[in-house]
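# Okay, here's the prediction I keep looking at, along with the sequence it came from:
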Amino acid sequence: MPTQISAPSSTPLLFSDDLFSGLNGPQRQAVFHEGGPLLVLAGAGSGKTRVLTHRVAWLIRQREIDPGSILAVTFTNKAAGEMKERISALVGEGGRSVWVGTFHSIGARLLRRESLRLGIARDFSIFDRDDQISAIRRILADMNISPKETPPESVVAAISRAKNALQSPDEFEQEALSYDRQIAAIYRAYQASLRRQSALDFDDLLVLPVELFRDEEVRRRYAGKFKHVLVDEYQDTNRCQYSFLHAVTQDHRQLFVVGDDDQSIYRWRGADLSNILDFESDHPDASLIRLEQNYRSTGRILAAANSVIRHNVGRKGKELWTDRGEGDPVVLFEVPDDQMEAMAVLRMVKAGVEEGRISPDDCVVLYRTNAQSRALENAFQLGGIQYQVVGGQRFYERREIKDVLAYLRVLVNPGDDVALRRILNVPARGIGKKTLEDLEAFAKATGITLLEAVRRAGVGSADLGRGNIRAKLAELGALIDRATASAPARPVAELTEEILEEIGYRDHLEKEFEREATTRWDNVAELLNAMQEFAETEGRVDATASAFVQEVSLTTDIDEYDEHSERVTLMTLHNAKGLEFPWVFLTGLEEGLFPHANSAYEKEGLEEERRLFYVGLTRAQERVTLFTATVRRRYGGMQHSMPSRFLDEIDPDLLERRAILPEGRPARSSGAGWGQEWRGRSVRTSYGSEEVDDHPRYEEETQDAALAAGMRVLHPSWGEGIIETLEGRGENLKLTIRFRGGVKKKVLAVYAKLELLG
DNA sequence: CGCAAGTACCTTTTT
DNA sequence: GGTACTTGCG
């Protein structure tokens, strides 16, 4: 910082020039905006994070707003952490008291403060999807509903949808059709179950604050507290979050939102694009500022992205531009299969690293579904390139981690039956189905928690379990009681180590998992590590089991992503939102996969897939490489596909098409050789407007290749559908077809009188 | 009750 | 190609 003058705060202009001099016109306009609600329509790479942080800095420095009365909402905890850092870098330590977090973490924080009023335990548990499903399963069993006909997953989805629409079980029932009557009943029972367990699910963290604000006194209090509200990724907010923001800002109208309608990718989770599209009509005194200068990507990449997104209707409309120069064209490789795809990525990364042009952590490989990481991981392992996978099997969802956390959850919240059920027989205590049923029946009949039932059975006051089992239950009860008593006063790491020791968890892993035991124990060690770190940031006294469990319940994969890892990053397109990389590899551009078959029917679904593709392209600074494979392993079988329609939407002048032809067909067993050399050969097939695209789109490997995943077909009785998978060949060729309305059917190709469409 | 073997379904994306 | 659930035996 060049400023040597120790400027008194009465001459804030000096600061302002200093702090804000790097901003361009529209950015300054946004940062210095005075007046009512503002929508900053910020294109990819247009510096929206800078705008947000500088806006906060400006509020504090220039307008002398108390940092504690500013609320900034981000999309991930990681983004929240970074924003906090940047704010305090701009305004000093005072910036730490700005409320920064995700809607979920802010909701949780608020609900803890108001737990008394809400009549919930301060140390409520937060149920993730697994916990929800587990709770629903119990309820289905109770209600004698077959989980086959009413899958818990879809019940969870229905309840989530209802909650986000702010519908209570009663309201849900009123609008319900006959099938949904049952769902309404399950919903009601589920709510009761949550309450009994002092548990909230993710949706509650959003919904309950809104309900809390129906009390005008409470609403006013928070509207008075949060005098300025800023929201990032506004395009992915849902109706409930909209209500939250409205409740807090309707009095003072200091709402500052940043978003990009072209990057809205969470419609399936309830995100409501109309929040951003209708922002101006919703707020009569609103202003709009567009940030269209992109500082990230080279010209051709940006132009390619623009040419794709132009195919969407129903957007605010904006055209990104850059002064970075043209750069390289986007390259598309057509490869025989997913293994070749992985090898090609590997080879390009390796070449880039060897030539000193790039470091592995400058590269990201993006895909539509988590399952696609496998082939890539295999290739990278063989090729000796370090990588990190973000997402997929998430750390905090691993079995051993959830087991250990379940012990803590029970200590923190003795009403958490879902957690207790999980650990009742882990390690094995001879408590099987029968004992569990007895315990639950007893608990229900007596109106006590499952834990209390365990205690009573242990001391023999509940008439269940034989001697041996009673002894085991007594032991477990005593362990939990002892740990509960000491938990509030000790660091969580120490407590956990003691519990693990006492239950012999390591031996349990050895016994249960044999070969895998080491990995799993390593994960547990990593968890203990995380607890130590937690103690370092929070301070020993505050690093209790309760605090840790709360924190961890809201931790996500992207929060764990490390940008200085020296490793190539592998992740889904969804996880890539907000990130940037010099080199981007976009894989699996095939019909049925991307756009995904489940989304390809509805216009809205397809447009969201297209936005996802747009997000992928705009992550890149210098180089985008696209891949489409003819054959892909899926569900253990082979699947033929056609190239993604999105490829045809890229302006052909900006796309260089190449094919990788296997020289002969490489023997399947030749995998070991791939690390050293590339056996295939790459030919340019088409570039620019000279259309030389004469090689086949997919190889005629078998006669069945006339049919491929992603093809549209007409079935005499089921109507129009899209082929999703193919198994078997010849007479035995079986197709999985998804028909309109999402109905999936398996048919034998020889019998189904299918007609090919388009 | 634990365990081994068999099965069904899975894969969209996640706070 | 994997998991999570079911079934049947000891």
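Cool, got the structure. Numbers count the residues shown, from 1 in each chain, chains lettered A, B, ... in the order given.
# Compute the distance between the residue of the stretch 151-300 of chain A at minimum distance from DNA strand B and A:R619, please.
Relative to DNA strand B, the nearest point of the stretch 151-300 of chain A is A:W268 (3.8 Å; C-beta to the nearest atom of the strand). Where C-beta positions appear, they are placed from N, C-alpha and C, glycine not excepted. Using C-beta to C-beta, to the nearest Å, one gets 21 Å for the distance from A:W268 to A:R619.
# Surely A:Q386 and A:R567 touch.
Yes - if you go by C-beta atoms under 8 Å, A:Q386 and A:R567 touch, sitting 4.1 Å apart.
# What is the neighbour count of the residue in the stretch 601-750 of chain A that DNA strand B sits nearest to?
In the stretch 601-750 of chain A, the residue found nearest to DNA strand B is A:Y635; the distance is 3.9 Å by C-beta to the nearest atom of the strand. A:Y635 has 10 neighbours, counted by other C-beta atoms under 10 Å.
# Equivalent analysis for A:G299, please.
Neighbour tally, A:G299, other C-beta under 10 Å: 17.
# Touching, it and A:V330? I think so.
No - judged on C-beta under 8 Å, A:G299 makes no contact with A:V330 at a distance of 11.2 Å.
# quick one on the thing from earlier: might you report the residue contacts of the residue of the stretch 151-300 of chain A closest to DNA strand B?
By C-beta atoms under 8 Å, 6 or more residues apart in numbering, the contact set of A:W268 is A:E608.
# What distance do you get for it to DNA strand C?
Counting by C-beta to the nearest atom of the strand, to the nearest Å, the gap from A:W268 to DNA strand C is 21 Å.
# same check, this time on A:G415
22 Å.
# ranges for the helices of the stretch 251-400 of chain A?
Secondary structure of the stretch 251-400 of chain A by DSSP state H, counting those that start in this stretch: the helices cover A:274-277, A:279-282, A:299-309, A:338-354, A:373-383, A:399-412.
# May I see the buried residues of the second one?
Applying a neighbour-count criterion of 16 or more other C-beta atoms under 10 Å, one finds A:F279 buried in helix A:279-282.
# what is the mean pLDDT for it?
Across helix A:279-282, the average pLDDT comes to 92.
# quick one: it to chain centroid distance?
28 Å (C-alpha atoms, centre = their mean, to the nearest Å).
# Residues contacting it, please?
By C-beta under 8 Å, 6+ apart, helix A:279-282 touches A:37, A:39, A:234, A:257, A:286, A:288.
# For the residues you listed, please prepare TSV with the additional fields neighbour count, distance to A:T446 and pLDDT.
As requested, the contacts of helix A:279-282 are arranged in TSV below (neighbours: other C-beta atoms under 10 Å; distance: C-beta to C-beta, whole Å; pLDDT from 0 to 100):
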residue	neighbour count	distance to A:T446	pLDDT
A:P37	22	54	96
A:L39	25	55	96
A:Y234	28	49	96
A:V257	27	51	97
A:A286	17	57	94
A:L288	12	60	95
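# And the residues you listed, which is closest to A:T76?
A:Y234 (14.7 Å; C-beta to C-beta).
# Can you tell me the closest non-neighbouring residue to the closest one?
A:G259 (3.3 Å; C-beta to C-beta, 6 or more residues apart in numbering).
# Over to A:N468?
A:N468's closest residue in space is A:G430 (C-beta to C-beta, 6+ apart), at 6.5 Å.
# so who does that neighbour touch?
Contacts of A:G430 by C-beta under 8 Å, 6+ apart are A:468-469, A:472.
# Which entries within those residues meet the buried criterion?
Among the contacts of A:G430, those buried by neighbour count (16+ other C-beta under 10 Å) are A:469, A:472.
# Output the contacts of A:G430 in CSV, with pLDDT appended to each entry.
Converted to CSV, the contacts of A:G430 look like this (pLDDT from 0 to 100):
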residue, pLDDT
A:N468, 76
A:I469, 80
A:K472, 85
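# Following element in sequence after the one helix or strand in chain A whose mean pLDDT sits lowest, please.
Every helix and strand of chain A was ranked by mean pLDDT, DSSP states H and E. The lowest is strand A:681-687, at a mean of 47. The helix or strand immediately downstream of strand A:681-687 is strand A:712-715, counting by DSSP states H and E.
# follow-up on the earlier one: just the closest of the contacts of A:G430 to A:I60, please.
A:K472 (57.8 Å).
# Tell me which entries of the contacts of helix A:279-282 lie within strands.
In this view, the contacts of helix A:279-282 that belong to strands under DSSP state E are A:39, A:257, A:288.
# what's the distance between the residue of the stretch 301-450 of chain A found nearest DNA strand B and A:V210?
Residue nearest to DNA strand B within the stretch 301-450 of chain A: A:G432 (2.6 Å; C-beta to the nearest atom of the strand). Using C-beta to C-beta, A:G432 is found at 43 Å from A:V210.
# Which of those two has more residues huddled nearby?
Counted by other C-beta under 10 Å, A:G432 and A:V210 do not tie: A:V210 has more neighbours, with 20 against 12.
# mind listing what the more buried one touches?
A:166, A:240, A:243-244, A:247.
# Could you pull up phi and psi at the residue positioned nearest the centre of chain A?
Nearest to the mean C-alpha position of chain A, counting by C-alpha atoms, centre = their mean, stands A:N575 at 6.0 Å. Torsion angles at A:N575 (phi, psi; degrees, to the nearest 10) stand at phi -70, psi -20.
# is it true that it touches A:G391?
Yes - the pair A:N575 / A:G391 is scored as a contact, 5.2 Å apart, by C-beta under 8 Å.
# still on that earlier bit, which among the contacts of A:G430 gets closest to A:Q174?
A:I469 (46.3 Å).
# What helix or strand is that closest one located in?
helix A:467-486.
# Could you pull out the buried residues of that helix?
A:469-470, A:472-474, A:476-477, A:479-480, A:483.
# What I need now is those residues written out in TSV, including distance to A:F627 for each item.
Shown next, in TSV, are the buried residues of helix A:467-486 (distance: C-beta to C-beta, whole Å):
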residue	distance to A:F627
A:I469	56
A:R470	61
A:K472	55
A:L473	56
A:A474	59
A:L476	52
A:G477	56
A:L479	53
A:I480	52
A:A483	51
